[in-house]
Structures are given as structure tokens and as C-alpha cells.
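**Q** Model the structure of this input:
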Amino acid sequence: MNTYEKEKVIQTFKKDIFPILTERIREPIIKMKNFGFYEIEEIRLRANKPLMLYKNNQGFFLDEKGEIKSENGLIVTKDDIEKTYLLMCDYSLYTMEEDIKQGFLTLKGGHRVGIAGKVVSEGGKIKTIKNISCLNIRIAKEVKGCALNLAKSIYKDGIKHTLIVSPPGCGKTTILRDLVRLLSNGIKEIELSGKKVTVVDERSEIASCYLGVPQNDVGIRTDVLDGCPKVDGLMMAVRTMSPDVIAVDEIGSIKDAEAIMDAINTGVKVISTVHGKDLDDVLKRRGIKLLFENECIDVVVFLSNRNGPGTIENIIKIN
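**A** The predicted structure is shown next:
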């Protein structure tokens, strides 16, 4: 991380993260001595358990003095969680109701907060989550340009139906987001003009919209269907947005595949992601197998975190 990037992340913490934390959680993080707080990827608050920080997919405990520990550390109270939760919701749980039903909040700046607690159901559907016992704050860090070499390699002869495969935490959404930005703005290195892109962002992870406005840079020609179910969003995009490209995260079901095939039949290119470690693994999913059988995937990109999230392990060109 160069000086400019470091300062940018520091300002992000000061503007977006520290204001939503209670003083007894915030101050030790500011005082961190073993590595800079700007390197944190996740902050996990669990009621009556030690505060945990994550960096490079490794967990650490933090004590009251800002010292990194291998065990124990500052104990998070139920009061810490309740106050943090209210700050995240800007003291208005109602405005975040739909996100809460999905088990997460999207904060200003694109940061995601996973929620755990008592799930309240009604009529077979989740109504809300109460008695919150855990908050997992995932720090949004865009990596602009991380997909440029990949895009130049696989799209030099035109955009292809692309499937990005990786285990959790290996950067598939980060790569997808940057591909969207590049395609939307255009890629001068391969003389590819900017395309109309629609992002079907069911879990608000790609564009990270806050009050409907993308907090991440997804390009100047990109439209976002935020919080929209993939199957519905694919059809909405085709019918109303006339996209050249549709991007969608974490596919796998038969219904996902059928909606993608319908979109492809209109001439749209689809870029999608799926959890998995290799081709055999993802082909166990009926939806993915159906897409391969119907020649709806041209390129498969496999990622790992061997050299950090987003490491490209292999590229298989199908068609």
C-alpha cells in the first residue's frame, strides 16, 4: 500500500467507521501498535466475547491499550453492540428494515455489516432480526485496476460470457466490480469502447449502494438494480435498461441459469461469479452445469488468495 492509498483508507476509517463505533471499541483500534488500523479488513463484535480484527483472512484479538494479542483481549458488551447497531441505522431501524431482513446493513462508503441474532419469521418469511448478538463490519476497499490485465487478456477479441470462480474471501466480487468499471468506461489498451452495463446487485456487494447511490466506482455507463433478486433483476435489466452487459454475483441455482439463458438469448453478455475451488466443484451445481450444457459460458476464471485476494490461478476458454 503506497502513501496515497494508505491515506485514503485512513480517511475512510475516520469518516465512515469510527463514527459508528462506541468509544471503548474505537479508541483501542485507533491506538493499534502492531499494525495500522488502516490494514483491517473486518471488525467483529460478539456479545460478551473478545473484540476480533481480521487482516489477510487471519484473526487477531485487541486489548484496551491497542495491543494485538493471540488470545483474549477487550470484551465486547451487549451495550457496545446495541449502541453500534443504532449508530449504523442512524437511530432509525425502520429505514434499514429491508436490509435487516437479509441479514446485513450497507453503510455509507459501501461498507457491509453482517448481523446475527434472533431471527423472527412470519408466514415462512423472515420479518426481522432482533436481540442482535454479533456485528461483522467488512471494510470496503476498492482495488481499481486489479482486473485490467485479465480484461485485456480475455476481452481483446470482444466481451465474452464470463464465469469467475473462487472460494470465499478470494476476491471474486472485487474482480467482478473492477471488470464492470472497466467495461463501462472503456478499455483503451484493447480499443474497447465503453458499454452499457447493468449490475443486478442482490446483496449490495458490487456497487454497495447507500440510499440508492453506488458508493463504489462501477463506471460511467453502469446502472444498478440494488437489492434486487437475481432472477427478477436479469429480466428487468433486459426489458428496461437495454444493456450490453449484465453483471451478477454468486449464481448457482437452476432458476439463476434459466434467467441467464433468457438474457443471453436477447444478445446480452453476462459476467457472473460462483463459489468453488475448481471446475469439478462448480459443475456439481445444477445451474452451472446447465449453463455449460447450453454453451452459455465462454471463459472461466479461477481465483485464489495465494498471493493475496484476486490471485488468478487459471483461465479456461470454453468457446
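
**Q** Any stretches of the protein with poor pLDDT?
**A** Scanning the chain for pLDDT under 70 picks out the ranges 1-2, 4-5, 91-95.

**Q** Now do the biggest helix by length in it: which elements does it pack against?
**A** Across the chain, the longest stretch assigned as helix under DSSP state H is helix 172-185. Here helix 172-185 touches helix 148-154, strand 162-166, strand 197-201, strand 222-226, strand 245-248, strand 269-275, strand 299-304, going by 3 or more C-beta pairs under 8 Å, 6 or more residues apart in numbering; DSSP states H and E. Placement of C-beta: from N, CA and C, glycine included.

**Q** Let me know the angle separating the second one from strand 269-275.
**A** Orientation check (axes from the mean of the first three to the mean of the last three C-alpha atoms, to 10 degrees): strand 162-166 against strand 269-275 gives 10 degrees.

**Q** Next: the last one.
**A** Calculated by the same axes, to 10 degrees, strand 299-304 forms an angle of 30 degrees with strand 269-275.

**Q** Let's see strand 299-304 as CSV, backbone CA atoms only.
**A** Output in CSV follows, covering the C-alpha atoms of strand 299-304 (Å, rounded to 0.1, in the frame of the first residue of the first chain):
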residue,chain,number,x,y,z
VAL,A,299,-14.5,-18.1,-20.3
VAL,A,300,-13.9,-19.4,-16.7
VAL,A,301,-11.6,-17.6,-14.4
PHE,A,302,-10.3,-19.3,-11.2
LEU,A,303,-9.1,-17.1,-8.3
SER,A,304,-7.3,-17.8,-5.0
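
**Q** can you list contacts of it?
**A** 150, 154, 160-167, 170-172, 175, 278-279, 309-318 (C-beta atoms under 8 Å, 6 or more residues apart in numbering).

**Q** Narrow the residues you listed to just the buried residues.
**A** 150, 154, 160-166, 170-172, 175, 309-310, 312 (16 or more other C-beta atoms under 10 Å).

**Q** How about the residue nearest the centre of the chain, nearest residue that isn't a chain neighbour?
**A** In the chain, the residue lying closest to the centroid (C-alpha atoms, centre = their mean) is Glu205, at 3.4 Å. Excluding the flanking residues, the one nearest Glu205 by C-beta to C-beta, 6 or more residues apart in numbering is Thr173, at 5.2 Å.

**Q** measure that neighbour to Ser272 for me?
**A** 11 Å (C-beta to C-beta, to the nearest Å).

**Q** next one: Gly73
**A** Distance from Gly73 to Ser272, by C-beta to C-beta: 40 Å.

**Q** Comparing these two, which residue is more hemmed in?
**A** Taking neighbours as other C-beta atoms under 10 Å, Gly73 and Ser272 compare with Ser272 leading, 28 against 20.

**Q** what pairs with the more buried one across the strands?
**A** Taking DSSP bridges as the rule, Ser272 bridges to Leu163, Val248.

**Q** quick one, what contacts it?
**A** 162-164, 247-249, 251, 260.

**Q** Kindly recompute the last result at 10 Å.
**A** By C-beta atoms under 10 Å, 6 or more residues apart in numbering, the contact list for Ser272 reads 161-165, 172, 176, 200, 230, 234, 246-252, 256-257, 260, 288, 291, 296-297.

**Q** Also Ile29?
**A** Listed by C-beta under 10 Å, 6+ apart, the contact set of Ile29 reads 13, 17-18, 21, 37, 40, 43, 51, 53, 62, 66, 74.

**Q** ok, back up a step: return the longest helix of the chain as PDB; C-alpha atoms alone will do.
**A** Output in PDB follows, covering the C-alpha atoms of helix 172-185 (Å, rounded to 0.1, in the frame of the first residue of the first chain):
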ATOM      1  CA  LYS A 172     -14.300 -12.600  -6.900                       C
ATOM      2  CA  THR A 173     -16.600  -9.700  -6.100                       C
ATOM      3  CA  THR A 174     -13.600  -7.300  -6.200                       C
ATOM      4  CA  ILE A 175     -12.600  -8.600  -9.600                       C
ATOM      5  CA  LEU A 176     -16.200  -8.500 -10.900                       C
ATOM      6  CA  ARG A 177     -16.600  -4.900  -9.700                       C
ATOM      7  CA  ASP A 178     -13.400  -3.800 -11.500                       C
ATOM      8  CA  LEU A 179     -14.400  -5.600 -14.700                       C
ATOM      9  CA  VAL A 180     -17.700  -3.700 -14.600                       C
ATOM     10  CA  ARG A 181     -15.900  -0.400 -14.100                       C
ATOM     11  CA  LEU A 182     -13.500  -1.100 -17.000                       C
ATOM     12  CA  LEU A 183     -16.200  -2.300 -19.400                       C
ATOM     13  CA  SER A 184     -18.400   0.700 -18.500                       C
ATOM     14  CA  ASN A 185     -15.600   3.300 -19.000                       C
END
